[in-house]
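Student: Structure here, sequence nowhere to be found:
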């Protein structure tokens, strides 16, 4: 026990020392990286004045390669979703500048160049047949995969909408495939669904909290934002009173008589604060502020209040006048006498009334109300600060262990260099009710059950690829809400690193043991990776990492990590109140050296597995899609769970009757 305690103290001390070393280093790095990037962007703007330079940087932009761009993809199927799609795209492009601009790189930085635009260059209608056969539910996946395997035209804006008319048992269905560059979506604040004339109403949309283990790793601070808001409001009220009583602009009569040093200091403080506010406003508009502009702002704010050296000298002379000093002492004595004899008893009575009252907000000017309001909130805020500090102190050690030291065995999904083209596939729909029954029997979450079936598909992939099955496949996992896919959602979510066990210690090919190992790995990831989740969420929202670490260092590090974590897994969950939509699948593009992207897309009462990978993995990606529903059924059979579905799924193009690709 003593050794464990000493070891824990040593680890904590090492983490604390590492944090103390990294904080100033990151601060200096932030200043250097920010200044260097701004200077580089100014040079590119001077070099290419006709281009619009992308000033912000992100992890996705750094990971972009010449033949491996981050093209986000959404597949939507319905009955009348393409009505008016051309007019919709024409209107959308007329209001969004970058939808009419091509994307290039100049000197390592993305730039936009506006071109002559035509909707017909981006709206593609499918042919009547594919490879000599009509497009039906039997070959729709082959056709969609062939479309996604083609690069977007370089000299056109990086987005495209494919409209596919196919027949399912003699009934015509419509499928829309939307592809767009991640930078276009980010800069124009768009989602992939914005490219389609979809109709949905959020009036009756109950925002249900997902039980996904890949979100809500820590409780969001509540006391700190509330305390900050209350302090800002209190300070604002006090400051407004201070301005009303001491600002010559508000009360010109202040300067009609000679003032003392205390009043002069108050005016000087007002001039300083107003100057800082004006400086902040000017800096937001422009990239920098010259010294002469600073002097001009100071002079303007001072002249408004007649604050000059003469006023300062006169205030000093008045304050050190013996008669004024005597008058001030007499006034102070009277104030203390009156306060102690008359005001203090009244204040004590009011404090007692506030102390006895249940509604303490009736006495907002009392000390009792201040303590009642601020003291519990302050203690709660201190607890949140300590919790955040603990995560920050232990973060460096945990990040190094999780990203570089655990699971040293190489587990690439693809043993040859990728070509950059992407192929896709998706599984038949699995009934959520069956997954829920399995979860109730095993004590796992629905997501963990789906992960066990996903691992089974990975093992099938390794068998057909003639690749040695590793012990684990390392994946980066992210939760995406259905709202973020179809509506703009500003909630930033982080990433978890997860080991998917393709080999288990006791039994071979046992789905129940795989599920148990996944449960342990998920719980361990949730308990240890709060810092990784928080940092990646901060990068998504404000570019925390890319603004502190040089791009070339970050690119080398990310390429190494994406070679180690070669699977990108996305969990999509939530309601989908979209009229006329029967099915949807979203793919988050694999980037860097990541070879494959998988999506567990839950919609309504069904869930599908979507696969996106490099074209050289085909046709094994079709095998994975075919295996997924069967793996869920096998797990249900082992556990003795009834296979009876609560509904009978109707066949459609996203629910093919035959195995895709065969």
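Tutor: Everything's here; your move. If you're wondering where the values come from, they're calculated on a predicted model, not measured in any experiment.
Student: how far away is the closest residue in space to residue 495 that isn't next to it in sequence from residue 183?
Tutor: Nearest residue to residue 495, sequence neighbours excluded (Cβ to Cβ, 6 or more residues apart in numbering): residue 536, at 4.3 Å. For glycine as for every other residue, the C-beta is placed from the backbone atoms N, C-alpha and C. Look at residue 536 and residue 183: by Cβ to Cβ, to the nearest Å, they are 18 Å apart.
Student: Against which helices or strands is the helix or strand encompassing residue 226 packed?
Tutor: Using DSSP states H and E, residue 226 falls within helix 223-246. Judged by 3 or more Cβ pairs under 8 Å, 6 or more residues apart in numbering; DSSP states H and E, helix 223-246 is in contact with helix 261-285, helix 367-400.
Student: quick one on the thing from earlier: could you list which residues are in contact with the residue nearest to residue 495?
Tutor: Taking Cβ atoms under 8 Å, 6 or more residues apart in numbering, we find residue 536 in contact with 494-495, 545.
Student: Okay, and which of those residues map to helices?
Tutor: Judged by DSSP state H, the contacts of residue 536 include no members of helices.
Student: nearest to residue 129, of the residues you listed?
Tutor: residue 495 (41.8 Å; Cβ to Cβ).
Student: My guess is that closest one contacts residue 533. True?
Tutor: Yes: shown here, residue 495 and residue 533 form a contact pair, counting by Cβ atoms under 8 Å, at 6.8 Å.
Student: which residues do the two both contact?
Tutor: Common neighbours of residue 495 and residue 533, using Cβ under 8 Å, 6+ apart, do not exist here.
Student: and the contacts of residue 536 as TSV, adding pLDDT and distance to residue 434?
Tutor: Converted to TSV, the contacts of residue 536 look like this (pLDDT from 0 to 100; distance: Cβ to Cβ, whole Å):
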residue	pLDDT	distance to residue 434
494	87	30
495	89	29
545	82	40
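Student: Could I get those residues in a markdown table, plus columns for neighbour count and distance to residue 397?
Tutor: Shown next, in a markdown table, are the contacts of residue 536 (neighbours: other Cβ atoms under 10 Å; distance: Cβ to Cβ, whole Å):
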| residue | neighbour count | distance to residue 397 |
| --- | --- | --- |
| 494 | 24 | 18 |
| 495 | 23 | 19 |
| 545 | 20 | 18 |
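Student: Now for residue 485, how many residues are close by?
Tutor: Burial of residue 485 is recorded as 23 neighbouring residues (other Cβ atoms under 10 Å).
Student: and what of residue 614?
Tutor: Residues lying near residue 614 (other Cβ under 10 Å) number 23.
Student: Give me the three-state assignment for the residue lying closest to it once chain neighbours are set aside.
Tutor: Nearest non-adjacent residue to residue 614, counting by Cβ to Cβ, 6+ apart: residue 418, 3.9 Å away. Secondary structure for residue 418, judged by DSSP: H, G, I helix; E, B strand; the rest coil, is coil.
Student: What confidence value was assigned to residue 418?
Tutor: As predicted, residue 418 sits at a pLDDT of 75.
Student: Same check on residue 215?
Tutor: According to the prediction, residue 215 has pLDDT 86.
Student: can you pull the contacts of it?
Tutor: Residues in contact with residue 215 (Cβ under 8 Å, 6+ apart) are 479, 493.
Student: Look up how far residue 515 lies from it.
Tutor: Applying Cβ to Cβ, the value for residue 215 to residue 515 is 20 Å.
Student: ditto for residue 295
Tutor: Counting by Cβ to Cβ, the gap from residue 295 to residue 515 is 70 Å.
Student: between those two, who's got more neighbours?
Tutor: Using other Cβ under 10 Å, the more surrounded residue of residue 295 and residue 515 is residue 515, with 25 against 10.
Student: name the element residue 184 belongs to?
Tutor: Residue 184 belongs to helix 182-188, assigned by DSSP H and E.
Student: Let me fix that, I meant to ask about residue 218.
Tutor: Element membership for residue 218, per DSSP H and E: none, as it lies in no helix or strand.
Student: That one is in contact with residue 534, isn't it?
Tutor: Yes: at 7.1 Å, residue 218 and residue 534 qualify as touching, with contact defined as Cβ under 8 Å.
Student: Need the residues touching each of those two.
Tutor: Residues touching both residue 218 and residue 534 by Cβ under 8 Å, 6+ apart: residue 391.
Student: between the two, who's got more neighbours?
Tutor: Neighbour totals were compared for residue 218 and residue 534, and residue 534 leads with 19 against 14 (other Cβ under 10 Å).
Student: Check the gap between the more buried one and residue 494 for me.
Tutor: As judged by Cβ to Cβ, residue 534 and residue 494 stand 6 Å apart.
Student: list the residues that contact both of the two?
Tutor: Common neighbours of residue 534 and residue 494 are listed as residue 217 (criterion: Cβ under 8 Å, 6+ apart).
Student: possible to save the helices and strands packed on helix 223-246 as JSON lines with distance to residue 251 and mean pLDDT?
Tutor: Below are those laid out as JSON lines (distance: least, Cβ to Cβ, whole Å; pLDDT from 0 to 100):
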{"stretch": "helix 261-285", "distance to residue 251": "11", "mean pLDDT": "82"}
{"stretch": "helix 367-400", "distance to residue 251": "28", "mean pLDDT": "78"}
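Student: out of these, nearest to residue 162?
Tutor: Nearest of these to residue 162, taken as Cβ to Cβ: helix 367-400 at 40.7 Å.
Student: which helices and strands does the helix or strand following that closest one pack with?
Tutor: For helix 367-400, the following helix or strand on the C-terminal side (DSSP H and E) is strand 422-426. If you count contacts as 3+ Cβ pairs under 8 Å, 6+ apart, strand 422-426 packs onto strand 71-78, helix 140-148, strand 606-614, helix 620-639.
Student: would you turn these into CSV with mean pLDDT?
Tutor: Shown next, in CSV, are the helices and strands packed on strand 422-426 (pLDDT from 0 to 100):
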stretch, mean pLDDT
strand 71-78, 90
helix 140-148, 91
strand 606-614, 92
helix 620-639, 91
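Student: how about those in JSON lines, adding distance to residue 37?
Tutor: Output for the helices and strands packed on strand 422-426, formatted as JSON lines (distance: least, Cβ to Cβ, whole Å):
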{"stretch": "strand 71-78", "distance to residue 37": "25"}
{"stretch": "helix 140-148", "distance to residue 37": "33"}
{"stretch": "strand 606-614", "distance to residue 37": "31"}
{"stretch": "helix 620-639", "distance to residue 37": "38"}
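Student: ranking these by burial, who's on top?
Tutor: Of these, the one with the most neighbours on average (mean count of other Cβ atoms under 10 Å) is strand 606-614, at a mean of 25.
Student: Which residue would you name as the spatial centre of this structure?
Tutor: Per Cα atoms, centre = their mean, the C-alpha nearest to the average position across the chain is that of residue 492, at 2.5 Å.
Student: Is that one in a helix, a strand, or coil?
Tutor: Classified using three-state DSSP, residue 492 is coil.
Student: quick one: contacts for it?
Tutor: Residue 492 touches 537-538, 540-541, counting by Cβ under 8 Å, 6+ apart.
Student: list the contacts for residue 73?
Tutor: 148, 177-179, 192, 422, 424, 586-587, 589, 612.
Student: let's see 10 Å
Tutor: Applying Cβ atoms under 10 Å, 6 or more residues apart in numbering to residue 73 gives the contacts 144, 147-148, 160, 177-180, 192, 422, 424, 585-589, 597, 599, 610, 612.
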